[in-house]
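A.B. asks: 3D, please:
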Amino acid sequence: MSTVKPIVAEMFAEHVPYHRPLAEIERIAAGIGSSPTDNGIVEMIVCRPAMYERQVLEEGVLDTTHGLRGDSWETRLARTPDGRPDPLRQITVMNSRALASVAGHRDRWQLAGDQLIVDLDLSIDSLPAGTRLQIGKSVVEVTEPPHTGCAKFAGRFGADALAWASGGAGRQQRRRGMHVRVLESGIVRPGDAIRKLV
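C.D. replies: A predicted model of the protein is given here:
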């Protein structure tokens, strides 16, 4: 089992008992199977009103200007050179099966920090940058910047989870997720369909 840096382990001590070793993550992922490649579903919507805060929503609005309304995207560190929030990192999306493999019970999914948890193949081959998706009543576009894991992800789910999600195969499959920007504002609810737009 990979180890988390001591300072991270101390900060996220309550999560350490939930960390899964790599072999267990791979076994669970294999058992869960693959997500659909063309039409998916929204599993969970998570708003981050402030650092370390999470709210699971029954309804959210994806907004062309503000991202997920009520979320703290506009105040986070990802910035353009002129200091504005980076529109290419407006919304983060993670695959529910990948998340279940590292996080376990659904009550822990919100800890990942992604606004949309979906059952859809997010791999680069399936959804290259520029792909447009209808999610509920909104339309989003997959953007180029990779969504990589961080110390907080490792603290909550373990170093093995981070390595599995962000390593070579994990990056190609986007196990850690991807970024999208909102092209058309609209309401999104858990259970809403996701479909590729031609």
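
A.B. asks: quick check: what element follows the worst-scoring helix or strand of the chain on mean pLDDT along the chain?
C.D. replies: Least confident helix or strand, the chain: helix 6-11 with a mean of 62, by mean pLDDT, DSSP states H and E. Following helix 6-11 in sequence order, the next helix or strand is helix 22-32 (DSSP states H and E).

A.B. asks: so which bits of that next one are buried?
C.D. replies: Buried residues in helix 22-32, counted by 16 or more other C-beta atoms under 10 Å: L22, I25, A29. To be clear about C-beta, it is placed using only N, CA and C from the backbone, and glycine gets the same treatment.

A.B. asks: now the closest residue to the last one other than its chain neighbours: which helix or strand?
C.D. replies: Taking C-beta to C-beta, 6 or more residues apart in numbering, and ignoring the residues beside it in sequence, A29 has S101 as its nearest neighbour in space, at 4.1 Å. Using DSSP H and E, S101 maps to helix 96-103.

A.B. asks: elements contacting the following helix or strand past that helix?
C.D. replies: Going down the chain from helix 96-103, the next helix or strand is strand 116-119, by DSSP H and E. Judged by 3 or more C-beta pairs under 8 Å, 6 or more residues apart in numbering; DSSP states H and E, strand 116-119 is in contact with strand 39-47, strand 91-95, helix 96-103.

A.B. asks: retrieve the pLDDT associated with the residue sitting furthest away from the middle of the chain.
C.D. replies: Centroid-distance maximum for the chain: D82 at 26.0 Å, with C-alpha atoms, centre = their mean. We have a pLDDT of 84 for D82.

A.B. asks: what's the answer for G40, then?
C.D. replies: So G40 comes in at 97 (pLDDT).

A.B. asks: gap between the residue farthest from the centre of the chain and V16?
C.D. replies: 40 Å (C-beta to C-beta, to the nearest Å).

A.B. asks: residue contacts, the residue nearest the centre of the chain?
C.D. replies: The geometric centre of the chain, computed from its C-alpha atoms, lies nearest to M94 (C-alpha atoms, centre = their mean), at 3.0 Å. With contacts defined as C-beta atoms under 8 Å, 6 or more residues apart in numbering, M94 is in contact with A112, D114, L116, I117, V118, L122, R176, G177.

A.B. asks: what's the helix holding S101 packed up against?
C.D. replies: Applying 3+ C-beta pairs under 8 Å, 6+ apart, one finds that helix 96-103 contacts helix 22-32, strand 116-119, helix 151-157, helix 159-166.

A.B. asks: can you list contacts of the shortest one?
C.D. replies: Think strand 116-119. By C-beta under 8 Å, 6+ apart, strand 116-119 touches 35-36, 40-46, 91-97, 99, 109, 135, 188, 194.

A.B. asks: can you turn the buried part of those residues into a ChimeraX selection?
C.D. replies: A single ChimeraX command selects the buried members of the contacts of strand 116-119 (16+ other C-beta under 10 Å):
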select :35,40,41,42,43,44,45,46,91,92,93,94,95,96,97,99,109,135,188,194
